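# Sequence unavailable; structure follows:
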């Protein structure tokens, strides 16, 4: 075997980093850049999820303006009945539900409190169209018979109604804004039982959730400051 020259040996050693030596990072221009399509899909999925969360906030605070904001004008609903999601010109009548928003707000007025919560959220984006499936759990404190706002089929006492199911939507992005075009709600299970609250009445009113725009969430900027 021929001897390695001093020059060649020096060249080999120069290629091997010494212990403790810093390895310079590649220039930023040579680093992999995120795929713009993947970034846009992530942004679209987040926007779609926020539409679903806004829907829950609007229900729990019976905020009509906010609830209507999540639907495109031609949106259709299948939530116990089939009809327009948001069309104030089509009010509901006995046995013939019309505008879903008005129907939902009237039904929620029969409750002292509600709490809608989302679980698993799946969003499939196909350009400016998205198909969703969101698991939900909803709690309702029903008003008792004798309360002027109680439902016609109210119980003698207040009752807790729990419903769990899934919201499945077709959403469309129009003029850069995602909203619901079709919604179908299914029920997985439900339960009704007497309430068992403890010390809720002792919680200061300003610390209780309110079914109106008086709730803290609408005042947080005022309270926290700019």
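Arrived safely. Keep in mind that what you see is a predicted model, and the values were worked out from it rather than measured.

# Now the element after the helix or strand hosting residue 101, going C-ward?
When elements are assigned from DSSP states H and E, residue 101 belongs to helix 100-108. Remark: after helix 100-108, the chain's next helix or strand is strand 111-126, criterion DSSP H and E.

# And for the helix holding residue 101, what's in contact with it?
59, 62, 64, 67-68, 71, 77, 79, 81, 83-86, 88, 91-92, 97, 114, 140, 151, 211 (CB atoms under 8 Å, 6 or more residues apart in numbering). To be clear about C-beta, it is placed using only N, CA and C from the backbone, and glycine gets the same treatment.

# Take those and keep only those in strands.
Counting by DSSP state E, the contacts of helix 100-108 place 71, 77, 83-84, 114, 140 in strands.

# Please pick the buried ones from those.
Neighbour counting by 16 or more other CB atoms under 10 Å classes 71, 77, 83-84, 114, 140 among these as buried.

# Determine which two of the residues you listed are furthest apart.
Using CB to CB, those reach their maximum pairwise distance at 84 and 140, which is 23.8 Å.

# Tell me which other helices or strands the helix of greatest length in the chain touches.
Secondary structure of the chain per DSSP state H: the longest helix is helix 36-60. Judged by 3 or more CB pairs under 8 Å, 6 or more residues apart in numbering; DSSP states H and E, helix 36-60 is in contact with helix 64-68, strand 111-126, strand 129-142, strand 159-174, strand 177-193.

# Residue 204 is nearest to which of these?
That would be, of those and by CB to CB, strand 111-126, which comes in at 15.6 Å.

# what does the average pLDDT come to for the longest helix of the chain?
The pLDDT scores in helix 36-60 average 96.

# where in this protein is pLDDT low?
Counting by pLDDT under 70, the ranges of the chain that qualify are 1-30, 92-97, 199-201, 206-207, 226.

# Quick check, central residue of it?
Nearest residue to the geometric centre of the chain (CA atoms, centre = their mean): residue 53, 2.2 Å.

# got a list of what that one touches?
Per CB under 8 Å, 6+ apart, neighbours of residue 53: residue 118.

# Please apply the same query to the one 5 residues further on.
For residue 58, the contact set (CB under 8 Å, 6+ apart) comprises 64, 66-67, 69-70.

# For PyMOL, what selects the buried ones among those residues?
To isolate the buried members of those in PyMOL, using 16+ other CB under 10 Å:
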select buried, resi 64+66+67+70
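
# For residue 173, state which of the contacts of residue 58 is nearest.
Nearest to residue 173 among those, counting by CB to CB, is residue 70 at 13.3 Å.

# hmm, back to that, would you convert the buried ones among the ones in strands among the contacts of helix 100-108 into JSON lines that also reports distance to residue 195?
JSON lines is the format used below for those (distance: CB to CB, whole Å):
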{"residue": "71", "distance to residue 195": "32"}
{"residue": "77", "distance to residue 195": "30"}
{"residue": "83", "distance to residue 195": "32"}
{"residue": "84", "distance to residue 195": "34"}
{"residue": "114", "distance to residue 195": "13"}
{"residue": "140", "distance to residue 195": "11"}
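
# between those residues, which is closest to residue 189?
residue 140 (14.4 Å).

# Distance-wise, check the residue lying closest to residue 131 once chain neighbours are set aside relative to residue 130.
Distances taken as CB to CB, 6 or more residues apart in numbering place residue 124 nearest to residue 131, at 4.7 Å, with adjacent residues excluded. For residue 124, the distance to residue 130 (CB to CB, to the nearest Å) stands at 7 Å.

# what's the offset of stretch 51-62 from the middle of its chain?
Distance of stretch 51-62 from the chain centroid (CA atoms, centre = their mean, to the nearest Å) equals 8 Å.
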